[in-house]
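Q: coords below, sequence missing:
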């Protein structure tokens, strides 16, 4: 499952993942249907309240130096997007993606965004 599904092996160190596997192994789960791709990336992700989970990292920005990164790419419909991320010693955090269709992509635009 990990190799074929492209899951990082690090996932096995996550206590929530281990708990889920242990629960399934210990309980009969006939009829259980795992969440689909779209539910995981939309409705279930919104219920997770990710902003609250990331708040401790944002608090560290005031104490330590944070670096803001940006990169550009095109979405599947070929619209230009700019991603903004922040990085600290504990790793990168996605901030936002901005649709820049029809904009001149230069330093002035990045400053405004």
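A: That came through fine. This is a predicted model, so every value here is computed, not measured. Residues are numbered from 1 along each chain as shown.
Q: longest helix anywhere in this structure?
A: Counting residues, the longest helix in the chain under DSSP state H turns out to be helix 50-63.
Q: Can you identify the element that follows that helix toward the C-terminus?
A: strand 67-74 (DSSP states H and E).
Q: Could you list every helix and strand in contact with that next one?
A: strand 80-88 (3 or more C-beta pairs under 8 Å, 6 or more residues apart in numbering; DSSP states H and E). Yep, even glycine has a C-beta here, placed from its N, CA and C like the rest.
Q: Could you check how sure the model is about the strand it packs on, as an average pLDDT?
A: Averaging pLDDT along strand 80-88 yields 87.
Q: same question, stretch 57-65
A: pLDDT averaged over stretch 57-65 gives 80.
Q: re earlier: who touches the longest helix of the chain?
A: With C-beta atoms under 8 Å, 6 or more residues apart in numbering as the test, helix 50-63 has contacts from 66, 86, 88, 90, 93.
Q: My guess is the last one contacts residue 85. True?
A: Yes: applying C-beta atoms under 8 Å, one finds residue 93 in contact with residue 85, separated by 6.4 Å.
Q: Give me the angle between the longest helix of the chain and strand 80-88.
A: 60 degrees (axes from the mean of the first three to the mean of the last three C-alpha atoms, to 10 degrees).
Q: where's the residue positioned nearest the centre of the chain, which helix or strand?
A: Central residue of the chain (C-alpha atoms, centre = their mean): residue 94, 6.4 Å from the mean position. In this assignment (DSSP H and E), residue 94 forms part of strand 91-99.
Q: This completes my enquiry, with thanks.
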